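Colleague: structure for this input, please:
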Amino acid sequence: MNEKIRTARLSVYSNSFLVVSKLIIGFLSGSVSVISEAVHSGLDLFASFIAYYSVKNSSLPADDEHKFGHGKIESLSGFTEGILIIFAGLWIVFESIKKLIKPTDIDKIGLAIIVMFLSSLINFVIARKLFKVSIKNNSIALKADAMHLMIDVYTSLGVMFSLFIIWLMEFLFKGKHFHFLDPLCAIIISFIIIKTGYKLIKESTVELIDTSLDAKEIETIKKIILSNDLILSFKNLKTRKSANVKFIEFDVIFDEKLSLKDAHREADNISAKIREDLMDSQIIIHMEPCTKQCNDKECLDNCKLDIKK
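Modeller: Residues are numbered from 1 along each chain as shown. Sure, this is the predicted structure:
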């Protein structure tokens, strides 16, 4: 089992534990902010299942029906998670407004504070692990899962702080005048959740519509191509990304006297160098002879001969 799948499974286990813990304490205490955190963790759990499924299947090799592999499963999972997160945030707003209109007492505040602290600690550790593996493997599914958990860290700390203030005010003033802080904190959490969902949808959509690699990666490709002394120019450079796989294709221009065998060897050398700098790249190179009568702007801009002048 590879590192991506092991890490995704770890997230499933941790979120399962947190959902059960928060739900029990939320209903025992009557705290809408704790219950909203349970819902948030429930979403994280669902997101973890999606991430686990996507990283497990996105790495499957290409087949007859999916010639370019299954990498977009990760992007699609991130988009789905974003939609669910937004709906959950809106539900929390609705429930919190009802609590503001008709406040309820909060019991077992001390226990709720402890659960929120443990939740923050556990999620922080798991999120750091997810971020590390997502960067190493260029996985948007694991990155999305890590983003969920880091938001949970901050929201859990926020709930813990609001519950502490309520407990402190009850202790000092012997009253329940500050219970409005509980649904108010839940509303703040919901807006953070909605923002996270929007950000995730935006990032996933970029990959689903075949956006080019970033400028730094494209510049690296250009430098590698032009570093070959036998290449006179190149054109039609196209790039896209699917999960961790980078698809790169371009035309290289050789001297017309160069043999096909030598040209093919140099094309292989270029591919190897690109893969050294940009891992998981699939490269298609079309070889053309130089006629010195080129009207293609990209070819002229990259040409090493005086013809471009």
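
Colleague: and the helix or strand where Lys222 lies, what other elements does it pack with?
Modeller: Assigned by DSSP states H and E, Lys222 falls within helix 215-226. With contacts defined as 3 or more C-beta pairs under 8 Å, 6 or more residues apart in numbering; DSSP states H and E, helix 215-226 has these neighbours: strand 231-242, strand 245-254, helix 260-277, helix 297-302. Just so you know, the C-beta spots here come from the backbone N, C-alpha and C atoms, and that holds for glycine as well.

Colleague: need the ones you listed in TSV (columns: mean pLDDT, distance to Phe17 and mean neighbour count).
Modeller: Formatted as TSV, the helices and strands packed on helix 215-226 follow (pLDDT from 0 to 100; distance: least, C-beta to C-beta, whole Å; neighbours: other C-beta atoms under 10 Å):
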stretch	mean pLDDT	distance to Phe17	mean neighbour count
strand 231-242	86	33	20
strand 245-254	89	34	20
helix 260-277	91	41	14
helix 297-302	84	55	15
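
Colleague: distance to Leu111 added to these, as TSV?
Modeller: Shown next, in TSV, are those (distance: least, C-beta to C-beta, whole Å):
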stretch	distance to Leu111
strand 231-242	46
strand 245-254	47
helix 260-277	53
helix 297-302	66
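
Colleague: list the buried residues in the helix holding Lys222.
Modeller: Residues of helix 215-226 classed as buried: 217, 220-221, 224-226 (neighbour count, 16 or more other C-beta atoms under 10 Å).

Colleague: and for stretch 189-200?
Modeller: Using 16+ other C-beta under 10 Å as the test for burial, stretch 189-200 gives 189-190, 192-194, 196-197, 200.

Colleague: quick one: the helices in this protein?
Modeller: Per DSSP state H, the chain carries helices over the ranges 3-29, 32-58, 72-101, 109-137, 140-173, 181-208, 215-226, 260-277, 297-302.

Colleague: least reliable of the ones you listed by average pLDDT, please.
Modeller: Mean pLDDT values for those show the minimum at helix 32-58, a mean of 72.

Colleague: who are the packing partners of that one?
Modeller: Helix 32-58 packs on helix 3-29, helix 72-101, helix 109-137, helix 140-173, helix 181-208, going by 3+ C-beta pairs under 8 Å, 6+ apart.

Colleague: how much does that helix deviate in direction from strand 231-242?
Modeller: 130 degrees (axes from the mean of the first three to the mean of the last three C-alpha atoms, to 10 degrees).

Colleague: if we can go back for a sec, any chance of the buried residues of helix 215-226 in CSV, plus distance to Ser156?
Modeller: Formatted as CSV, the buried residues of helix 215-226 follow (distance: C-beta to C-beta, whole Å):
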residue, distance to Ser156
Glu217, 37
Thr220, 40
Ile221, 43
Ile224, 46
Ile225, 49
Leu226, 52
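
Colleague: and which of these is nearest to Ala272?
Modeller: Nearest to Ala272, judged by C-beta to C-beta, of those is Ile224 at 9.7 Å.

Colleague: from Ile122, how far out is the closest one?
Modeller: Applying C-beta to C-beta, to the nearest Å, the value for Ile224 to Ile122 is 44 Å.

Colleague: thinking again about what came up before, just put the helices and strands packed on helix 32-58 in TSV and tack on distance to Glu266.
Modeller: Formatted as TSV, those follow (distance: least, C-beta to C-beta, whole Å):
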stretch	distance to Glu266
helix 3-29	35
helix 72-101	32
helix 109-137	31
helix 140-173	34
helix 181-208	32
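
Colleague: nearest to Ile35, of these?
Modeller: Nearest of these to Ile35, taken as C-beta to C-beta: helix 3-29 at 3.8 Å.

Colleague: got the buried residues for the closest one?
Modeller: Neighbour-count burial for helix 3-29, with 16+ other C-beta under 10 Å as criterion, is recorded at 4, 7-12, 14-16, 18-19, 21-23, 25-26, 29.

Colleague: picking up where we left off before, which one of the helices and strands packed on helix 32-58 lies nearest to Lys297?
Modeller: Of all the helices and strands packed on helix 32-58, helix 181-208 sits nearest to Lys297, with 26.9 Å by C-beta to C-beta.
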